[in-house]
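> predicted structure and sequence below. I'll ask about it afterward.
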Amino acid sequence: MGDLQRIQKQFTAVAAVLSVTALALLMYLFWPGSGRRAQDEERASLEHQRIELTNEVNLQKSSNPEKTRSDLKVLYTDLPSRYSQISQRMEKLFQETGVSPSASIKYSIEQPEKTDLPDVQRIKIETTVTGDYAKVARFINAVEQDPLLFVIDKISLSGQPEGNAVSLQITFETYLKGAA
């Protein structure tokens with residue numbers, strides 16, 4: 001009887017060890033990130049990251065710092081140095097396109113960001129103009145193509161009760177040199 005109890009205890013111990021080992025293997029197989037799907041997703045993510053980094057390296061290789069410096073010099077020379085130059089250009093755009101400003105032009109200074117150019121201040125401009133649809137469209141086109149570098153942020157177009165006149169509320173920014 002003693003041998004049977006000893007064999008039974010050994011069998012119970014071996015069964016317990018095998019059960020714990022099987023449980024550990026199951027936990028490993030179902031642990032998040034260790035399955036086949038998780039590995040495939042990780043592989044796809046790494047491949048996407050590799051492609052992005054390769055594109056960034058190629059962009060760096062193809063960049064031309066000297067051309068960038070010369071382009072920046074041209075940009076600096078074309079920027080206005082006084083608010084009056086911006087106002088005069090805006091008035092000229094109003095006259096050339098045939099729209100009339102229905103509200104005052106509001107200028108505000110934008111806080112400089114880390115990526116902004118040195119000695120350049122970003123100026124936000126908000127105004128509303130009125131005219132027929134074709135003139136308003138010409139105004140938007142003129143603002144986009146103006147050499148003074150206006151960058152349109154937001155536009156809102158609404159109809160007027162009197163005929164085919166429309167009202168354009170526009171927000172854009174330009175730059176002022178030497179004011180930062």
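Alright, I've got the coordinates.

> now do the contacts for Val143.
By C-beta atoms under 8 Å, 6 or more residues apart in numbering, the contact list for Val143 reads 93, 150, 152, 170, 172. C-beta coordinates here come from the backbone N, C-alpha and C atoms, glycine included.

> whoops, I mixed them up, Thr174
Under the criterion of C-beta under 8 Å, 6+ apart, the neighbours of Thr174 are 80, 86, 122-123, 125, 148-151.

> hey, where'd the helices end up in the chain?
With DSSP state H applied, the chain shows helices at 2-30, 36-62, 65-78, 83-97, 133-145, listed in chain order.

> circling back to that earlier point, buried subset of the contacts of Thr174?
80, 86, 122-123, 125, 148, 150 (16 or more other C-beta atoms under 10 Å).

> just the closest of the contacts of Val143 to Thr54, please.
The closest of the contacts of Val143 to Thr54 turns out to be Ile152 (C-beta to C-beta; 33.7 Å).

> now do that closest one, the pLDDT please.
We have a pLDDT of 89 for Ile152.

> test my guess that it contacts Asp146.
No: using C-beta atoms under 8 Å as the test, Ile152 is too far from Asp146 to be in contact (10.7 Å).

> re the thing from before, I'd like the contacts of Val143 as JSON lines, with distance to Phe30 appended.
Listed next are the contacts of Val143 as JSON lines, based on distance: C-beta to C-beta, whole Å:
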{"residue": "Leu93", "distance to Phe30": "66"}
{"residue": "Phe150", "distance to Phe30": "59"}
{"residue": "Ile152", "distance to Phe30": "54"}
{"residue": "Ile170", "distance to Phe30": "58"}
{"residue": "Phe172", "distance to Phe30": "56"}
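
> may I ask which two of those are separated the most?
Leu93 and Ile152, at 12.5 Å, using C-beta to C-beta across these.

> with neighbour numbers in mind, choose between those two.
Neighbour count, other C-beta atoms under 10 Å: between Leu93 and Ile152, Leu93 has more, with 18 against 13.

> show me what contacts that one?
Contacts of Leu93 were listed using C-beta under 8 Å, 6+ apart, and they are 139, 142-143, 146.
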